[in-house]
Structure formats: C-alpha cells, structure tokens
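**Student:** build me a model:
(chains A, B and C)
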Amino acid sequence: MTLHVINKGDPACWQAMLPALQRGDDLLLTEESVYAALPAHGLAPLLTAAQQQVTLYALLEDLALRGISAKIRADVASISRADFVALCLTHERVVSWR
Amino acid sequence: MTGAAKPPLLICRHGAWTMAAATCMELTLTAGVFEQKPVLVLLDAAVTLLLPNQNGESSGLKTLAKQIPALELYGIEHVHVEAAALIAHGIDAAALDAGVKPLAPGALAALVAAAGAVLVF
Amino acid sequence: MSSFAVLIQGAPYSSQAALSAYRFCQEALANGHKIERLFFYQDGVHNASLLCVPPQDEFHLPRAWQTLIQQHGLDAIVCIASALKRGVVNQGEAERHRLPAANLLPGFTIGGLGLWMEAMAKADRVLDFAP
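**Tutor:** Residues are numbered from 1 along each chain as shown, chains lettered A, B, ... in the order given. As a prediction, this is how the structure comes out:
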C-alpha cells in the first residue's frame, strides 16, 4: 500500500493524483494543501471522492501554523510528525505529488 | 523492504522546457545507467516531450525532447502517457513510436503499486 | 528501526519544502530510525550555503541542517551538477573552475547523482521534499 503526500492546493495536481490512488492507500495533506481540508474549500469534492478509497490525514503542525486545526472537515484526521514517520513505514512507498 | 527489488517509477507533469521535466529526465536516465530499469510516466503538459520540431540550440538551451528516442538505450523500453493529455496538446497517439503507451484506466494506480520508489516532478 | 533516503529539492525560505524535510529528518532520528543519506538536489543545494544570513529572528535552516548532520553523523550530499549551476562550491570546485570563493557549509559533501541512486536502492523508504 502507498502513502500519498500532497503539499499544494493546485487542482491540476490533485486531478493527476486521484487516478493513482488505490483502495487501502492513505493520503496526507501537508504544507499548503492543508487548506483543502476546510469544509467549503474548492477541492472539497475531490477530497470526498478520494475518501471513497483512501484514509485522509493532515499534518497537525501545518494546520496549527495556519490557524485551522479546529476548522477542518471531520473525515480528515490530524496527525503528528511522529505519526507521519510511522505511516511511512506501514506503507510500502511514499509518493509526494507536485 | 527496500526498493532494490522493485524498479523506480518517475512521473512528470510539467512541460518540456521546465526544470521539473529536466530533473525527471536526468533522474530517469541516471536510473537507467544504474540498471534500475526505471518506469517513466508523462501526465499533463509532460506529454509535450513527445512533440516534434523542438530545438533550443539557438537559445543555448538543452532540448529534453531529444532524449526521448534515446531512452531505449538506457533500458527504458516504454513511456506511459496520459491519453487525454495527448489530445489536449495536439499529439496524435497513432503517430507515436511503439514504445509510447497511452495509460488505460487503472493503469497508473497499478504502476504505482508495482514500483519501488516513486518520484513525481 | 528503518532507514530513509531523503531528497531535498527546495531552497531554504523559497518554500516550506526544505523546512518540512528538516523536521521530518529530526523526527525520524528522534524515533530511532536511520537516515541512509540526505541528497540536496536542484534548488535544494542552497541549504548547504555558508553565506546565508537570514534575519536574526528567523530560523537559520542551513545551520540547523549542519547541526543535525554533525550531531548524527549524517551523510549529506550536495549534487555537484546542481551546485555548480547555482554557485554552491567547495574549495576543490572553486579552484578547478577558478572561482573567487568557496561557500559550501562544513558538514555537507559534494557528490554525484549516483549517490542518490545508491541510496534509493538501499534505503527502506524514499522521501522527496520539493516545492
């Protein structure tokens, strides 16, 4: 299984990533992409689509930096950097999308 | 589990005159030289690497498109490309080299699942 | 304990990439894992510059990398081709190309892309931090 990491809110990047997701993969939002976890964000439908196949996470440190830790949608779990490291190891590979 | 047993997958999304594409090609060729049997996927604007008549020589720029025919020499027999991107960039799939393969639905996910390391540019 | 090969392609301060890479490495090491190799590539070579002077109230990322590298004995490679293009040079390259100065931060080593290939094949996991 694969851990997908995305660090930007560019719709084209998200569109490119979606066909690469497989059921059972995980998707971690980091850096600028964490805004996509806000419920009314333009990428919300893509997150909903992704969530059919993968579990969604967002890096807590990046959410907190941006002041949105308490505002994200319920189906995105915020995780620590230690959790991020651990997730890398429970998957066979880590794919960082750009 | 290491990546040694499984080949690296390199995915490029950016056009033939970007640093992203240059980086992708450099890593793809180097992985080929090191006999890692890399797999190359071109999505979005990266399919412009397949457009003919590109030549940066007069501007002192390296023409990445010229490296595509040489991929075979580095052990990279196939280049997988996004079919919709070919259409969007005016590239006739039928006119392409036999080594260029349009991605079928589900194929990208399968390539990722079969890969060792995956790098996206 | 697992090993990570980490590719850093972002310059410090130009995006969050280099800082994210640093924090990841810090965490991985704190959790008892090994960094197989750090490979600073493309704009990432700027993390290895001796000449960065960020504002006093901002995090000095090049020096933070240096401390991490030296504290943990990490193998931190700066891609020679990327570095030369961007003007990050060690003494040897400065002399070879007759440049007026060298500016590679101690702790970092200039090396070729083959070292990244090697690390990618050897490490348990490969991480890529880019803008």
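**Student:** and B:T18, what is it in contact with?
**Tutor:** By C-beta atoms under 8 Å, 6 or more residues apart in numbering or on different chains, the contact set of B:T18 is B:A45. For every residue, glycine as well, the C-beta is placed using N, CA and C.
**Student:** need the pLDDT of it.
**Tutor:** B:T18 is assigned 97 on the pLDDT scale.
**Student:** list the buried residues of stretch B:91-99.
**Tutor:** B:91, B:96 (16 or more other C-beta atoms under 10 Å in any protein chain shown).
**Student:** what are the boundaries of the helices in chain A?
**Tutor:** A:11-17, A:44-50, A:60-65, A:81-90 (DSSP state H).
**Student:** of those, which is nearest chain B?
**Tutor:** Closest to chain B of those is helix A:11-17 (C-beta to the nearest C-beta; 5.1 Å).
**Student:** get me the contact residues on chain B for chain A.
**Tutor:** Residues of chain B found near chain A (C-beta under 8 Å from any C-beta of the partner chain) are B:1, B:3, B:13, B:20, B:43-44, B:105-106, B:108-109, B:112-113, B:115-121.
**Student:** on that earlier part again, figure out which of the helices of chain A is closest to C:D75.
**Tutor:** Closest approach to C:D75 among the helices of chain A (C-beta to C-beta): helix A:81-90, 19.1 Å.
**Student:** does chain A sit close to the host helix or strand of C:Q66?
**Tutor:** Assessed by DSSP states H and E, C:Q66 sits inside helix C:61-72. No. Helix C:61-72 stays clear of chain A (C-beta under 8 Å from any C-beta), getting no nearer than 14.4 Å.
**Student:** which residues touch that helix?
**Tutor:** If you take C-beta under 8 Å, 6+ apart as the criterion, helix C:61-72 is touched by C:12-13, C:18-19, C:22, C:25-26, C:29, C:35, C:38, C:46-50, C:52, C:54, C:74, C:76, C:105-108.
**Student:** among those residues, which lie within helices?
**Tutor:** If you go by DSSP H, the contacts of helix C:61-72 have C:18-19, C:22, C:25-26, C:29 in helices.
**Student:** now a ChimeraX select for only the buried ones of those.
**Tutor:** Here is the ChimeraX command that selects the buried residues among these (16+ other C-beta under 10 Å):
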select /C:18,19,22,25,29
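**Student:** just to revisit the earlier point, quick one: the helix holding C:Q66 to chain centroid distance?
**Tutor:** Per C-alpha atoms, centre = their mean, to the nearest Å, the displacement of helix C:61-72 from the mean C-alpha position of its chain is 9 Å.
**Student:** how about stretch B:68-80?
**Tutor:** Counting by C-alpha atoms, centre = their mean, stretch B:68-80 comes out at 9 Å from the chain centroid.
**Student:** the helices in chain B, which residues?
**Tutor:** Per DSSP H, chain B carries helices over the ranges B:19-33, B:83-88, B:107-114.
**Student:** format these as TSV; extra columns: distance to A:K8.
**Tutor:** Output for those, formatted as TSV (distance: least, C-beta to C-beta, whole Å):
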stretch	distance to A:K8
helix B:19-33	13
helix B:83-88	19
helix B:107-114	19
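**Student:** which of these is buried the deepest?
**Tutor:** Comparing the helices of chain B by mean neighbour count (mean count of other C-beta atoms under 10 Å in any protein chain shown), helix B:19-33 comes out on top with a mean of 20.
**Student:** so what touches stretch C:21-34?
**Tutor:** Here stretch C:21-34 has contacts from A:61, A:81-82, A:84-86, C:1-4, C:6, C:8, C:10, C:35, C:38, C:61, C:64-65, C:68, C:72, C:74, C:127, C:129, using C-beta under 8 Å, 6+ apart.
**Student:** 7 Å - rerun?
**Tutor:** Identification of contacts with stretch C:21-34 by C-beta atoms under 7 Å, 6 or more residues apart in numbering or on different chains yields A:81-82, A:85, C:1-4, C:6, C:8, C:35, C:61, C:64-65, C:68, C:72, C:127, C:129.
**Student:** quick check: phi and psi at the closest residue to chain B within chain C.
**Tutor:** Residue nearest to chain B within chain C: C:V126 (3.8 Å; C-beta to the nearest C-beta). Torsion angles at C:V126 (phi, psi; degrees, to the nearest 10) stand at phi -120, psi 130.
**Student:** which residue packs closest to it, ignoring adjacent ones?
**Tutor:** Ranked by C-beta to C-beta, 6 or more residues apart in numbering or on different chains and with sequence neighbours excluded, the top spatial neighbour of C:V126 is B:A117, at 3.8 Å.
**Student:** related to what we said a few turns ago, and of the helices of chain B, who's closest to chain C?
**Tutor:** So among the helices of chain B, helix B:19-33 is nearest, using C-beta to the nearest C-beta, at 4.8 Å.
**Student:** ok, B:H80 touching B:K101?
**Tutor:** Yes. At 5.2 Å, B:H80 counts as touching B:K101 under the criterion of C-beta atoms under 7 Å.
**Student:** neighbour count for those two, which is higher?
**Tutor:** With neighbours defined as other C-beta atoms under 10 Å in any protein chain shown, B:H80 and B:K101 compare such that B:H80 has more, 20 against 17.
**Student:** dump the residue contacts of the closest residue to that one other than its chain neighbours.
**Tutor:** Counting by C-beta to C-beta, 6+ apart, B:H80 lies nearest to B:V41, which is 4.6 Å off, once chain neighbours are set aside. Counting by C-beta under 7 Å, 6+ apart, B:V41 touches B:9, B:11, B:80, B:108, B:111.
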